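Visitor: Just need the structure, nothing else, for what follows:
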Amino acid sequence: MGPGDESLHIGRKRATQIFRYLEALNQHRNPARRQLDDQLWHLWFRDLPEHPSIRRAEFADSSSPPDGVAADVPRVLDDDFVLKVRRPKLAPCPSPPELLARWLERGWEEPAAEVRIRESGHELDAQGQTVAAFFQDDPKRQQAIERWRVQREAWARDEKPARAAMQLFEKLYEIRGQIE
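Guide: Next comes the predicted model:
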């Protein structure tokens, strides 16, 4: 071994020590998060909303794995993905009849919200005077609200999973932006 080889060996040893130190320092300052609760965000497959815009991979039964594959490793069947989420199409709430528009409280456009009606309000009478009016005073309003409520409930039943899928899509899109 020549004199140049020894200094090269010492230089490599010192460089290795520096990189080991930097690696240990990085692990100390940025420890690996090993617990799921320590992660910034997580979602269980069982909590995914049921909607056509969300597709899960089909996993093979692990009772008989192919040769060379561990029995406890799930295998994806003929798909190259584990989860696919696309933007769902949201439908607007059916508009209430004009007769009801001013009697409805805010929030009726949301599928999870309950429709609330103002019990009283003000109307103009035949002489142009403002008088107190009650929702129950007009039977046409009560019939209209019942017909519209049936339409709205059917819409809300279909729309709730779509809104949940949209929340998931937006959250995953936000995470994608953070990663990039």
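Visitor: Show me what the lengthiest helix in the chain is packed against.
Guide: Looking across the chain with DSSP state H, the single longest helix is helix 139-179. Other helices and strands packing on helix 139-179, by 3 or more C-beta pairs under 8 Å, 6 or more residues apart in numbering; DSSP states H and E, are strand 83-85, helix 98-101. Every C-beta, even on glycine, is put in place using the N, C-alpha and C of the backbone.
Visitor: so how far is that helix off the chain centroid?
Guide: How far helix 139-179 lies from its chain's middle: 13 Å, per C-alpha atoms, centre = their mean, to the nearest Å.
Visitor: What of stretch 36-51?
Guide: Centre to centre, stretch against its chain (C-alpha atoms, centre = their mean), the figure for stretch 36-51 is 9 Å.
Visitor: can you tell me the average pLDDT over it?
Guide: Mean pLDDT, stretch 36-51: 86.
Visitor: Stretch 81-100 too?
Guide: 92.
Visitor: One more: stretch 104-116?
Guide: For stretch 104-116, the mean confidence score works out to 90.
Visitor: Stretch 18-31 now?
Guide: Stretch 18-31 comes out at a mean pLDDT of 93.
Visitor: List the buried residues of that stretch.
Guide: Of all the residues in stretch 18-31, not one is buried under the rule 16 or more other C-beta atoms under 10 Å.
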